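Novice: Have a look; sequence and predicted model below, questions after that.
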Amino acid sequence: MNQPSKLLRTFRMSVLLTLVVLALEFILGMYTNLFIAFPDGLVNGNAWKWSMAQSPIISAHVLLGTLLLAASLLDLGLGLALKSKTAMLSSVTGLLMMGLAYFSGSAFLTNVQMGGYSFAMALGFIGALAAYSAAYYLTRPAGQIAS
């Protein structure tokens, strides 16, 4: 197997793993949204302390979000090394959307009364999901037939 093929395969596997972890992140986020009630009065960062001490689901959500941000940086590095416009554009977009989701989630835990942050987190998730899905689909080897 030549070097570009190996790099392409590594990029696609990394993107696929990112998509799988995004799905897990979505499940934890929806569970949090539907079944975990934040106590009233969690402002000025108090939700961070409460979440990390009282909710293993939110803690796992934050941990996976951090891993996803790191995975986005890895995907970007692989996309740039691949020198494919498609890989580069989708991985830059994925990183930007993942950053939006991550930093919106962080801002939400600073003040849970601001629902706009939760909405921005969801938009970042959808954008990242679209970008990495496109990356995986559009970088398939030329001989691979879409089913």
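Specialist: Received, thanks. Numbers count the residues shown, from 1 in each chain.
Novice: CA only for contacts and neighbour counts going forward, please
Specialist: Fine.
Novice: Now do the buried residues in the strand or helix carrying residue 50.
Specialist: Assignment of secondary structure by DSSP states H and E places residue 50 within helix 46-54. Within helix 46-54, the residues that qualify as buried are 47-48, 51, counting by 16 or more other CA atoms under 10 Å.
Novice: in the chain, which helix or strand is least confident?
Specialist: Taking all helices and strands of the chain together, the one with the lowest average confidence (mean pLDDT, DSSP states H and E) is helix 46-54, at a mean of 86.
Novice: what's the next secondary structure element after that one?
Specialist: Secondary structure here is assigned by DSSP H and E; on that basis, the next helix or strand after helix 46-54 toward the C-terminus is helix 56-82.
Novice: which SSE is residue 16 in?
Specialist: Secondary structure assigned from DSSP H and E places residue 16 in helix 3-35.
Novice: Quick check: the closest residue to residue 108 other than its chain neighbours vs residue 89, distance?
Specialist: Once its chain neighbours are removed from consideration, residue 108 has its nearest residue in residue 117; the separation is 5.2 Å (CA to CA, 6 or more residues apart in numbering). According to CA to CA, to the nearest Å, residue 117 and residue 89 sit 26 Å apart.
Novice: who has more neighbours, those two?
Specialist: Neighbour totals were compared for residue 117 and residue 89, and residue 117 leads with 22 against 17 (other CA atoms under 10 Å).
Novice: ok, that one touching residue 102?
Specialist: No - Residue 117 is beyond contact range of residue 102, at 10.1 Å (criterion: CA atoms under 8 Å).
Novice: If I take the helix holding residue 50 and helix 56-82, what angle do their directions form?
Specialist: Interaxial angle of helix 46-54 relative to helix 56-82 (axes from the mean of the first three to the mean of the last three CA atoms, to 10 degrees): 110 degrees.
Novice: that older thread, what's the helix holding residue 16 packed up against?
Specialist: Under the contact criterion of 3 or more CA pairs under 8 Å, 6 or more residues apart in numbering; DSSP states H and E, the helices and strands touching helix 3-35 comprise helix 56-82, helix 115-138.
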